[in-house]
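Visitor: model the following, please.
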Amino acid sequence: MTLPSHVPVLIAGGGPVGLTLAALLAEYGIASLTLEADEGYCSGSRAICMSRRSQEILSWAGADKPLIDTGLAWTGGRSYFRDREVLHFQMPHDPLQRYAPMVNIQQYHVEEFAHQAMQRHPDLAKLAWSARVTDVQPGPDGVSVEVEADGVRQTVRTDWLVACDGGRSTVREAMGLKLEGMQYEGRYVIVDIEQESQRPVERLAWFDPPSNPGSTLLMHRQPGNVWRVDYQIRDDEDPDEAVKPENVLPRVRSHLDMIGETAPWKPLWISIYNAKCLTLDRYRHGRVLFAGDAGHLVPIFGVRGLNSGLDDAGNLAWKLAWVLKGQSPDTLLDSYSIERVHATRQNLAYGAKSTEFMAPPDFGFRLMREAALRLALVDDGVRSLINPRQSAPISYDASPLNREDRAPEAGPAAAPGQPAPDALLQDGNTPQYLTASFGAGFVALTIAPDVALSEELDRLAADTQNAPHPLRVLRAGDDGLTDPHGQLAAQYGNQTGAVYLLRPDGYVLGRWIAPAADELRAALAPYYPSLHLNATSKGQA
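Guide: Residues are numbered from 1 along each chain as shown. Okay, here's the model as predicted:
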C-alpha cells in the first residue's frame, strides 16, 4: 500500500474516536488520513453505552440514524444487594427529547457507522487498514510520521497529527509522554454471550449475589441477542486463569440460572479489565494532539470512556477545521486542551467515586459499601449513594473562549461554557430540534428580537456568507420558530431581545439581552475574519 507523502491531518488510530474525528473533519471540508493497525473493526463488545451527547456528535457526521436503528435505548437501571433490589434509578428524559439518555450497542458497530459516515466524502476521508505509526518527529510547522503499512516503511508528512491510538498509544510513547494518575487493583472479567431474552433494557448490577458470592456483577443487553456480563474477580485470582472459558462459563451459568434466564446460550468473547484514572496534563503538544484513550483513561463505571473520547472529537474537529481554513489562529487549539483536560478531570473524579463503590480498593471502602447496601434495604434516603452517576456533558466554566455573561438573570442552564440545552421547536408545521443546527458554523439564537436587532443579526450573517461555514440565525418568537412545549422558555428564558451565540460543537459562547452590534461582532470576529474587515471598512467610511 502506497500512502500519500503529505496530508493536512493524520489520525493515528481507527477506533471509534479516530473514525468519528475523520468523518467530522470531512464534513468541514478537511482532508485526513486515518491509520489503523488492525485489519478491520474491533472484536468483542468493548465500549457499549452511547450517551445522548455522543449520539448528537455522531449526528453531525450523519452516523446517528444507523446507531439508533441498531442499538437498544434505555433510561434507567436496577441494583441488587444479594437477591434484593436496593435501587431503581431513571435518568432525566422525556418523550420529546431527540435522543434516549443511553443506547447500548457494541463498539464495532460504532466503528462501522463512523466509517460509513467517512465514505460520504471519499475524496477527503481516507482510511488505511494494517497501517501503524512507528515513529514521530514533530517540527514547528508539521510532523514527520514513520508508518509501517503491509510490511513497508514509509514517511508521511502532516500539518497536524492527532493521536487516537488508544491506551497503549505509540504516538504518546514516541514523544516520551506519560499518563499520570492512579490505577485500581480490582479486576473485572468481561464476557459477551448470545442468548435470547425478553427482559427490559436496563443497567443491572448485583452486589454479592448468591450466584457469585463476594463479587460484583453487571449486565447489559446488546443488539443481536447478546448479553454483556462484567464480574469482579478476587484479588488473589490469577487474571490469566480467570479468563479461561472453564473458569468463566460456570460463573456466568450460575448467574443466569439465578435470575431465571434459562434459554440456550453460548460465549462470544472474553476479556479482562481494571479501572484506571489517568491523563496527560496537556492534549496539545505543538502540532500533535491527543484524543480518547491516547490522552486519558477513565473507569468504565458511569460509561465515561468512549463517550468522553467522542466529546474530544466533537470539540477538536471544528477547531482544527477553523485553523486549517485560516478562520482562526492555531492558538484556538490551546482551548481544546484546556477544555478537554478539565472535562477529563471531572470525569475522573466521578469515575473514581463509582470505582471505589463498584470495586472497593481496600477494607475500609468495602466496609462502607456494605453498610450503605444494608441500609439501602430499609432506608430510601441511602439509595442515592448507589447511583452510578451516568456520563453527562461537562461544562467549560473557565474556558478562554467564553464571553462575559451579559444575561445571568436567564438562569444557569445556558450560561457561557454550558452545553446548549436542546429544545423541540416548531418551524411552521415542521418540528425542529435546536441541536440539529449544531455541527457546522456558529448559531445565533435570538428570542423575540426587535427590528434593529434582527437587522443587525442579518448583517452579521451576511458578512460571514463567504466563510466555509457561515453564521446561522435562528429567531424564536411570533414571526419565527415557536416553542409549543415551553422547552426554550424553560432552558433559555423568555426575555425579549435575548441573544445566545452557540459554538459549532453546541456549547454556549456567550449570551446577551438586547446587545449592541459591536458586542456580537467582537464575539464572533475571532472565528470570522470577514467581520474584522467589514468593521474596518465601515470605520474608514
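
Visitor: can you confirm Leu457 is in a strand?
Guide: No. Counting by DSSP: H, G, I helix; E, B strand; the rest coil, Leu457 is not part of a strand but helix.

Visitor: that one is in contact with Val443, isn't it?
Guide: No. Between Leu457 and Val443 there is no contact under CB atoms under 8 Å: 11.0 Å. For the C-beta atoms, the positions are set from N, CA and C on the backbone; glycine is no exception.

Visitor: joint contacts of these two?
Guide: Common neighbours of Leu457 and Val443 (criterion: CB atoms under 8 Å, 6 or more residues apart in numbering): Val473.

Visitor: what pLDDT does Arg369 get?
Guide: As predicted, Arg369 sits at a pLDDT of 87.

Visitor: which residues are in contact with it?
Guide: Taking CB under 8 Å, 6+ apart as the criterion, Arg369 is in contact with Phe207, Phe357, Pro360.

Visitor: could you measure from it over to Lys276?
Guide: 20 Å (CB to CB, to the nearest Å).

Visitor: Pro92 too?
Guide: As judged by CB to CB, Pro92 and Lys276 stand 29 Å apart.

Visitor: so for these two, which sits in the more crowded spot?
Guide: Per other CB atoms under 10 Å, whichever of Pro92 and Lys276 has more neighbours is Lys276, with 22 against 9.

Visitor: what residues are up against the more buried one?
Guide: By CB under 8 Å, 6+ apart, the contact list for Lys276 reads Gly167, Gly181, Met182, Gln183, Tyr184, Leu297, Val298, Pro299.

Visitor: sort out for me which of those residues are in strands.
Guide: Using DSSP state E, the members of the contacts of Lys276 that fall in strands are Gly181, Met182, Gln183, Tyr184, Leu297.

Visitor: for the last one, give me its contacts.
Guide: Going back to what we said before, that points to Leu297. Applying CB under 8 Å, 6+ apart to Leu297 gives the contacts Gly167, Leu179, Gly181, Lys276, Cys277, Leu278, Thr279, Gly305.

Visitor: separation between it and Leu333?
Guide: Distance of Leu297 to Leu333, computed by CB to CB: 22 Å.

Visitor: mean confidence for the host helix or strand of Leu10?
Guide: Using DSSP states H and E, Leu10 falls within strand 6-12. For strand 6-12, mean pLDDT rounds to 98.

Visitor: so whichever helix or strand comes after it versus strand 6-12, what angle?
Guide: Toward the C-terminus, strand 6-12 is succeeded by helix 16-27 as the next helix or strand (DSSP H and E). For helix 16-27 against strand 6-12, the angle by axes from the mean of the first three to the mean of the last three CA atoms, to 10 degrees is 150 degrees.

Visitor: in the protein, what helix or strand scores lowest on average pLDDT?
Guide: The helix or strand of the chain with the poorest confidence is helix 529-540; it has a mean of 64 (mean pLDDT, DSSP states H and E).

Visitor: how close does Phe113 sit to Gln106?
Guide: For Phe113, the distance to Gln106 equals 11 Å [CB to CB].

Visitor: same thing with Val443?
Guide: Computed with CB to CB, the distance linking Val443 and Gln106 is 33 Å.

Visitor: of the two, which one has the most company?
Guide: For Val443 versus Gln106, neighbours defined as other CB under 10 Å are more numerous around Gln106 (26 against 20).

Visitor: which residues sit in contact with the nearest residue to that one once chain neighbours are set aside?
Guide: Take Gln106 and drop its neighbours on the chain: the residue closest to it by CB to CB, 6 or more residues apart in numbering is Ser45, 4.4 Å away. Ser45 is in contact with Gln106, Gln107, Ile190, Asp192, Gln222, Val226, Arg228, Trp269, counting by CB under 8 Å, 6+ apart.

Visitor: is there a quick PyMOL command that grabs whichever of these are buried?
Guide: PyMOL command restricting these to the buried ones, with burial defined by 16 or more other CB atoms under 10 Å:
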select buried, resi 106+107+190+192+222+226+228
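
Visitor: now do the contacts for Thr26.
Guide: Careful, residue 26 is Ala; it's not Thr. Ala26 is in contact with Ser32, Ala61, Met118, Arg120, His121, Leu124, Ala125, counting by CB under 8 Å, 6+ apart.

Visitor: ah, wrong one, I meant Leu424
Guide: Leu424 neighbours (CB under 8 Å, 6+ apart): Leu96, Gln97, Arg98, Pro431, Gln432, Tyr433, Leu434, Pro484, His485, Gln487.

Visitor: so how far is Arg98 from it?
Guide: From Leu424 to Arg98 the distance is 7 Å (CB to CB).

Visitor: spell out which residues are contacts of both of the two.
Guide: By CB under 8 Å, 6+ apart, the residues touching both Leu424 and Arg98 are Tyr433.

Visitor: redo the contacts of Arg369 as CSV? Include secondary structure and pLDDT.
Guide: What follows is these, written out as CSV (DSSP: H, G, I helix; E, B strand; the rest coil; pLDDT from 0 to 100):
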residue, secondary structure, pLDDT
Phe207, strand, 95
Phe357, helix, 85
Pro360, coil, 84
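
Visitor: and of the residues you listed, the nearest to Arg403?
Guide: Phe357 (38.9 Å; CB to CB).

Visitor: what's the burial count for the closest one?
Guide: Counted with other CB under 10 Å, Phe357 comes out at 21.
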